[in-house]
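> What follows is a predicted protein model with its sequence.
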Amino acid sequence: MAGILAQNLPDAALQFLYLVAGVLFIQGLRDMTHPRTATRGNQISAGGMFLAVIVTALWFDILSPLVLAAALLIGGGVGVWLAVTVETTEMPQLVGLFNGFGGGASALVAGAELVDTFNGATAVTTLPVSLTATAAIAGIIGSVTFWGSLVAAGKLQGIVGGSPVSTNVGHVIKVLFLGAAVIAGLVLVIQPEMVGNSPIAPWIPSYWVLVGAASILGIFLVFPIGGADMPVVIALLNSYSGLAAATTGFVLGNTALIVAGTLVGASGLILTVIMCESMNRSLTNVLFGGLGTDDGESKDMEGIYEGQIQETSPEEVVMLLETADRAVVVPGYGMAVAQAQHAVAELIELLDEHGVDVEFGIHPVAGRMPGHMNALLAEADVPYDKMRELEEVNPTFSQTDVAIVCGANDVVNPRANEEDGSPISGMPVLNVAEANTVIVNKRSLSPGFSGIPNPLFARDNTSMLFGDAKESMQELVNDYKEATD
Amino acid sequence: MATELSAFITNLTLFVLAAFVGYEIITKIPTNLHTPLMSGANAISGITLLGSVVVAGSGSTTLATVLGFLAVVMATINVVGGYLVSHFMLNQFRGGGN
């Protein structure tokens, strides 16, 4: 018995349609290389997915179409509901959550395929290594992705503590459970004679042991990682969910899964590497190290703020902006938390209207996911050609009259340029201090994620505009309007 | 065994070639679009839905059907939610020269 399509078409047709889907995925990603074509790219990619799912559903013998339809409806409904109701600030955790579901599904599919294959086999047959080995890999990656993503999403949502913890006990636990998962995987592959002549195939329970161990591993992997490192973690888990899908493709011998999963794996990995390079840290350091401990020099710097901090007011900032020819705004996570992007966008539009050359300088790891600031500013209708990357904007600070730092800290810390062994030493930063005047909008002088003081705040050309980012930016907008009317 | 191995090698070929294609394309995507890229790629990883559909539909045992059912639900959330979120996000990017 086969599905409607399989009865009327040769086997090769399925493979061909999967090829078409694969081409659509690749073309969709290619269109993502430019904002003008990106929406179309996403639709093409979705079209590829629709084709692949419909063809698959009609091709294979579906014993219970009702079960399948119910599952599709429930999943689709939940997906639409989550996507429609999400707040922009909650986007990172939602992306993380979706990601986890993909990984979890891969682990379940591999398990179900094992159960199914064993059920069809006679007691003496051993399952082929190509099935058990890939199922073991899909199970481990999928489970780590599912639980890791849940913890990451929980951290971003603030349900799970966001501060980094690095303990030796934690490392031991990770090694133990990784070991347990690998051993369970080996048992699955080797399929030894069961002690005690058990009628149940030994490899089925060992798969669930593997899933259990990998789940605990996933939780302990992400739990100690601090909130500011979440862009890296989310990108890496994204890569994992792709790899889980690709290995599931090996389990089922499904080419569409292999191609699409691999594309995602590559995408996530590239983003991960970009994020790590932007922090001048290795992936190992992000995942296992926590932040390097300061060598004590910060103690000497405790007093750096004393008598050096100049406070300013919105009126004064507006006076500066009125005479400025060029201004650069550097947004940080503080802007996202305060939801200040609309106020910032309004300010930029006003400045632009009055002939000020104004741009955003965006650090690659600002925020909680890759490209977070860009997405927020796009939501606030900022044209994307106003958003400049670090390499583009850094050479222009010396010709900039006013640099406004909005809720950013470590990414503008000049200490990163000094080889003094501080936690952020060597990290590429935005050299805002080269601008004529720097305005730092923050709620207080408290340190950023790195936990070290920022000498920028104490510089002669820096003034602090204390307050909530949204309120402060809104005041700037109102005062600027009054002054220019 | 020989056919199994050659099938595995065919799959491996696909895997390696797709990895290169992915690398070439994705390194060209600007930072601006990294969030929608991630959420779009994320939706693609829901391709595992195909596997879930096969397993849930053809599940000969109750256990396999239950597992498949859960897998279909999770993968569909991933696919539908992922594409929609990317779509909403991409619609907000303007100034593309049109």
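Perfect, I can see it now.

> which stretches of chain B aren't confidently modelled?
B:1-2, B:57-60, B:94-98 (pLDDT under 70).

> Now with 80, please.
B:1-4, B:55-62, B:93-98 (pLDDT under 80).

> ok, longest helix in it?
In chain B, with assignment by DSSP state H, the single longest helix is helix B:62-92.

> So which elements touch that helix?
Packing contacts for helix B:62-92, counted by 3 or more C-beta pairs under 8 Å, 6 or more residues apart in numbering or on different chains; DSSP states H and E, involve helix A:35-59, helix A:65-85, helix A:91-120, helix A:372-379, helix B:34-45, helix B:48-58. In this view, the C-beta of every residue, glycine as well, is placed from N, C-alpha and C.

> Look up the pLDDT of A:M427 for me, please.
The per-residue pLDDT reported for A:M427 equals 85.

> Is it in a helix, a strand, or coil?
coil (DSSP: H, G, I helix; E, B strand; the rest coil).

> Count the residues that sit near it.
Number of residues near A:M427 (other C-beta atoms under 10 Å in any protein chain shown) recorded here: 21.

> How about the one 4 residues further on?
One way to gauge burial is a neighbour count; for A:N431, by other C-beta under 10 Å, it gives 20.

> Just to check, it is in contact with A:T400?
No: A:N431 is beyond contact range of A:T400, at 10.3 Å (criterion: C-beta atoms under 8 Å).

> Spit out the residues that contact the two alike.
Shared contacts of A:N431 and A:T400 (C-beta atoms under 8 Å, 6 or more residues apart in numbering or on different chains): none.

> Could I get the buried residue list for stretch A:211-231?
A:211, A:213-231 (16 or more other C-beta atoms under 10 Å in any protein chain shown).

> In helices, which of those fall?
Within the buried residues of stretch A:211-231, residues falling in helices by DSSP H are A:211, A:213-222, A:230-231.

> which one among these gets closest to A:A184?
Minimum distance to A:A184 across these is 6.2 Å, recorded for A:A213 (C-beta to C-beta).

> Touching, the closest one and A:A180? I think so.
Yes: the pair A:A213 / A:A180 is scored as a contact, 4.0 Å apart, by C-beta under 8 Å.

> follow-up on the earlier one: what is the nearest of the ones in helices among the buried residues of stretch A:211-231 to chain B?
Nearest to chain B, judged by C-beta to the nearest C-beta, of these is A:P231 at 9.1 Å.

> Quick one: classify A:V405 as helix, strand or coil.
A:V405 ends up strand, using three-state DSSP.

> likewise A:M464?
strand.

> my read: it touches A:K442, true?
Yes: if you go by C-beta under 8 Å, A:M464 and A:K442 touch, sitting 6.8 Å apart.

> Of those two, which one has the most company?
More crowded of A:M464 and A:K442, by other C-beta under 10 Å: A:K442, with 23 against 20.

> Quick one: residues contacting the more buried one.
Here A:K442 is in contact with A:G334, A:V405, A:G407, A:N409, A:M464, A:L465, A:F466 (C-beta under 8 Å, 6+ apart).

> Phi, psi for it please.
Note on A:K442: backbone dihedrals following degrees, to the nearest 10 are phi -150, psi 160.

> So what sits opposite it in the bridge?
Beta-bridge partners for A:K442, by DSSP bridges, are A:F466.

> okay, now A:D460: neighbour count?
The tally of other residues near A:D460 (other C-beta under 10 Å) stands at 10.

> how about it, secondary structure?
coil.

> ok, it to chain B distance?
Distance, A:D460 to chain B, using C-beta to the nearest C-beta, to the nearest Å: 32 Å.

> and that residue, what pLDDT?
So, for A:D460, pLDDT stands at 89.

> same thing with A:V67?
83.

> go on, A:I141?
pLDDT, read off for A:I141, is 93.

> I figured it hits A:A246, correct?
No: using C-beta under 8 Å as the test, A:I141 is too far from A:A246 to be in contact (9.2 Å).

> So for the two, which sits in the more crowded spot?
In terms of neighbours (other C-beta under 10 Å), A:A246 is the more surrounded of A:I141 and A:A246; the figures are 32 against 28.

> got the end-to-end distance for stretch A:414-433?
Length of stretch A:414-433, first residue to last, C-alpha to C-alpha, to the nearest Å: 8 Å.

> where in the stretch 201-350 of chain A is pLDDT low?
A:201-205, A:226-228, A:285-308.

> Most proximal residue of it with respect to chain B?
Counting by C-beta to the nearest C-beta, the stretch 201-350 of chain A gets nearest chain B through A:A266, at 3.0 Å.

> just the helices in the stretch 101-250 of chain A please.
A:129-157, A:168-190, A:203-222, A:230-252 (DSSP state H, counting those that start in this stretch).

> ignore the last one, the stretch 351-485 of chain A
A:372-379, A:390-393, A:469-484.

> of those helices, which approaches A:A458 most closely?
A:A458 lies closest to helix A:469-484 among the helices of the stretch 351-485 of chain A, at 20.1 Å (C-beta to C-beta).

> and the direction of the closest one versus that of strand A:462-466, what angle?
Here helix A:469-484 runs at an angle of 110 degrees relative to strand A:462-466 (axes from the mean of the first three to the mean of the last three C-alpha atoms, to 10 degrees).

> what does helix A:469-484 contact?
A:314-315, A:317-319, A:321-322, A:334-335, A:337-340, A:343-344, A:346-347, A:350-351, A:354, A:406-407, A:441, A:465, A:467.

> quick one: A:I62 and A:G3 touch, right?
Yes: counting by C-beta under 8 Å, A:G3 is a contact partner of A:I62 at 6.4 Å.

> Show me which of the two is the more surrounded one.
Higher neighbour count among A:I62 and A:G3: A:I62, with 22 against 19, using other C-beta under 10 Å.

> And what about the more buried one, helix, strand or coil?
coil.

> A:A69 versus that one, what's the distance?
Distance, A:I62 to A:A69, using C-beta to C-beta, to the nearest Å: 9 Å.

> Check A:T396 too.
According to C-beta to C-beta, A:T396 and A:A69 sit 57 Å apart.

> Neighbour count: those two, which is higher?
Set A:T396 next to A:A69 and count neighbours by other C-beta under 10 Å: A:T396 wins out with 16 against 13.

> related to what we said a few turns ago, adding distance to A:A52, write the ones in helices among the buried residues of stretch A:211-231 out as JSON lines.
Shown next, in JSON lines, are those (distance: C-beta to C-beta, whole Å):
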{"residue": "A:V211", "distance to A:A52": "26"}
{"residue": "A:A213", "distance to A:A52": "32"}
{"residue": "A:A214", "distance to A:A52": "27"}
{"residue": "A:S215", "distance to A:A52": "28"}
{"residue": "A:I216", "distance to A:A52": "33"}
{"residue": "A:L217", "distance to A:A52": "31"}
{"residue": "A:G218", "distance to A:A52": "27"}
{"residue": "A:I219", "distance to A:A52": "32"}
{"residue": "A:F220", "distance to A:A52": "35"}
{"residue": "A:L221", "distance to A:A52": "31"}
{"residue": "A:V222", "distance to A:A52": "30"}
{"residue": "A:M230", "distance to A:A52": "31"}
{"residue": "A:P231", "distance to A:A52": "30"}
